[in-house]
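Visitor: structure here, sequence nowhere to be found:
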RNA sequence: GCCCGGGUGGCGCAAUGGUAGCGCAACCGACUUGUAAUCGGUAGGGUAGCGGUUCGAAUCCGCUCUCGGGCUCCA
C-alpha cells in the first residue's frame, strides 16, 4: 500500500499561488473586454484554475484566445499585486456593482475584508498572490463551461473559464502533452478503435453493448473475480432483475432512492421495479432459513446488473451509465465479526486492484448524510468500526463528512491510473438498517434471535466503470492475460497460409487466443494493423519458419525474436499470463 | 436536469443558402512480398429525427433524440 504524500508541499503551495494569480489576471482581462461583467469566484484547483463570470453573452472558443492575448498584455505590464485590508462597509462600496461579491462579503466571518489590486482591477480575495503579474510565466486557457453560482442548481448559471498555469513553460508543455496523451487513451475512442463496446442512440443512452473483444476481457476478469471470491469463502448467488414495489418499500429504497429508480412497471395489476441494487434479493435468500451464529459470516457475491436513472447530462462512456453490473457481495455477520470482515474486504479490494496494476489509491471514509435511516448511535458505532479497520491496516484515509449512503457509512477507494488520474472504484458499506427493516436475524449461542450486521461491498466497483478505467490505464495495450487477441499470426505469402493455420490451431488448443491474418496483403500492413490493435504478440511466418517449424515473434514494443519453436512460444505466453505481464 | 458546443457513408473528416466530397475500411482485380500503410478499379450517404422559413436547406428557425466540455449527482 503506497501512501500518497505531497512530496514537495512548498512547490505545491507556490504553484497554487501562481494559479490563483493567473485567475485574477484572467478576471482582469475579461473585465476589460466585458466591462459589464459580474464576477463570481476564481480559485486555483489541483489541475489549474478557473473563474466564474456572469456575462451579457455566451463565450465562444474564439474568445479564449482574445482573453489570452489580453492576459499577456497584463503580464507584460508587470503590475504589482497590492494587498489591502479594509472593513466590510468599504468593501461593499468597492464592489457595489458586483452582486456576487456583495454576497460573499456578507458572509465573511469577521469585519475585515481583504482585497487585492493589480492595475485597475480589484478583487475580493484572501490571497496570497505573487508579487506582480509578470511572475505568471506559463499559462493556457483550456475550456468554457457552465457552472451554477456556488454549485447550487437553483442559483444562476455562470460561465466558467478553465485554465492552467505552471511556474515554467516546460512544465506547462509537459502538462499539455499529458492532456493530449489522456485524450488518446480515452476509453470511448479506444472502445471504438479496438472494437470493444458500443452505446446506441436508438437503443438508449447509458446502456452498453459489449462486442466480442470487450466481452472477452470482461469475462476473463469475471472468471478471475469468481475464483478469487471462492478462495476467500464467498459463495455465488443470482437474483432476478425486477421485484414487486413492496420489496423496495420494505428496503427503504423507494423512500430514499426513488430519484434514481425507474418508474414502476405494471404487471397484471401489480407494480414491479427494476432493481437499482442487489441487496434485498440477497436478504430474501438469507431469510429462507433460520440461521445459526455458527453459519456466520455468510459471504454472498453476485455480478449483479442494476439499473439507475442517471440524469442525461451526467452520462459518460463506460464510467457513468444507466445499466451496470456491480461486482457486488453482501456479508451477513454478527457485530463481533464486523471489524475482521471489513479488514478482509479492504485487503481483498487492494489485492484486486494490484492485480490490475493499480498500486496507488486513495481511501475515503464517508460519514452520515443529511437523509439517513436508523439511529445516530448505530451510525456512530458503524463509523467507528470502519475507522478501526483502516487503522488496523495502517491505511491513510480522508474523512468525507456527510457523504455516506442513506443506510450506512462507507469506505470508498479511488484508484490512480497510469496517468495519475483518479477513478472511483471499490466501495465498502456497513448497513445496520436493512437487517432492521427486513428483520434479518441469526440464532446466537444463547438460543435467542439477534440482528445480523450487513456489509455491502464491491472490490472493483462496476464492470463497466472498471473496464473503462482499465482501458485508459493500459491505453488499450492490455496485459497478456487480458488481451482479447494474444497473438496475431501473420503469414508472409499465401504459400505460408497452411502452416500459419496449423500454428494457430496448436496454440488455440492450449487456450491461447490467436487470429490468423489471412488477407492477401503485405506483411507490413498486417503488422501495422496488429500494432494498432495493440496485439501483444505477432507471429511472422515465412518460408524460413515453415521449413524449421518455428515462428518469428514480434512484440508490440517492436522487439523481435526469430526462430522460436511453437512449444517455446506456448510457454512464453503461459508464463506471461501467469505473471500478468504487460510486455 | 441546467449552461455552452456538436451530430454528414462502417470509421475519421470536408462542403455555411445553389441540387454532398475526401481518406481509411468494404467489395473486385493484379501483385506473393521478411518486421508499422502495394497498385488499380467498383459500390456506398442525401446530411440524427420531425416540423417550419425559402424558388432552393447539410447550412437559417423550432421541437425531440443523442454526443462532447462542465455544474449538480454517482458504482
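Guide: Cool, the structure landed. The structure presented is a predicted model; accordingly, all values stated were derived computationally and were not measured. Numbers count the residues shown, from 1 in each chain, chains lettered A, B, ... in the order given.

Visitor: name all residues that make contact with the residue in the stretch 251-400 of chain A that RNA strand B sits nearest to.
Guide: Proximity of the stretch 251-400 of chain A to RNA strand B (Cβ to the nearest atom of the strand) peaks at residue A:313, 2.2 Å away. For every residue, glycine as well, the C-beta is placed using N, CA and C. When contacts are counted by Cβ atoms under 8 Å, 6 or more residues apart in numbering, residue A:313 touches no other residue.

Visitor: separation between it and residue A:320?
Guide: Residue A:313 sits at a distance of 10 Å from residue A:320 (criterion: Cβ to Cβ, to the nearest Å).

Visitor: what of residue A:190?
Guide: For residue A:190, the distance to residue A:320 - Cβ to Cβ - is 17 Å.

Visitor: which of these two has more residues huddled nearby?
Guide: Summary of the neighbour comparison: residue A:190 and residue A:320, criterion other Cβ atoms under 10 Å, with residue A:190 having more neighbours (21 against 16).

Visitor: residues from the stretch 51-200 of chain A in reach of RNA strand B?
Guide: Those residues of the stretch 51-200 of chain A that sit near RNA strand B, judged by Cβ under 7 Å from any atom of the strand, are A:58-60, A:143-148, A:151-153, A:157, A:159-160, A:162, A:188, A:192, A:199.

Visitor: give me the domain ranges for chain A.
Guide: A:9-184, A:207-238+A:276-474, A:487-578 (automatic domain parsing).

Visitor: just name the most buried of these.
Guide: Stretch with highest mean neighbour count among those: domain A:207-238+A:276-474 (a mean of 18; mean count of other Cβ atoms under 10 Å).

Visitor: the residue nearest the centre of chain A: what's it in contact with?
Guide: For chain A, the residue sitting closest to the mean C-alpha position, by Cα atoms, centre = their mean, is residue A:423 at 2.4 Å. For residue A:423, the contacting residues are A:319, A:414, A:415, A:416, A:417, A:461, A:465, A:469, by Cβ under 8 Å, 6+ apart.

Visitor: that one in helix, strand or coil?
Guide: With DSSP: H, G, I helix; E, B strand; the rest coil as the basis, residue A:423 sits in strand.

Visitor: likewise for residue A:328?
Guide: On the basis of three-state DSSP, residue A:328 is classed as strand.

Visitor: wait, it touches residue A:281, no?
Guide: No. Taking contact to mean Cβ atoms under 8 Å, the distance of 9.8 Å between residue A:328 and residue A:281 leaves them out of contact.

Visitor: joint contacts of the two?
Guide: Listed as contacting both residue A:328 and residue A:281 by Cβ under 8 Å, 6+ apart are residue A:304.

Visitor: how about the residue in the stretch 401-550 of chain A positioned nearest to RNA strand B: what's its closest non-neighbour residue?
Guide: Of all residues in the stretch 401-550 of chain A, residue A:542 sits closest to RNA strand B, at 2.6 Å by Cβ to the nearest atom of the strand. Nearest residue to residue A:542, sequence neighbours excluded (Cβ to Cβ, 6 or more residues apart in numbering): residue A:492, at 3.9 Å.

Visitor: give me the pLDDT for that neighbour.
Guide: What the model reports for residue A:492 is a pLDDT of 94.

Visitor: cool, residue A:2 as well?
Guide: pLDDT at residue A:2 comes out at 37.

Visitor: cool, residue A:280 as well?
Guide: According to the model, residue A:280 carries a pLDDT of 95.

Visitor: residue contacts, it?
Guide: Taking Cβ under 8 Å, 6+ apart as the contact definition, residue A:280 lies against A:243, A:247, A:248, A:250, A:251, A:253, A:434, A:438.
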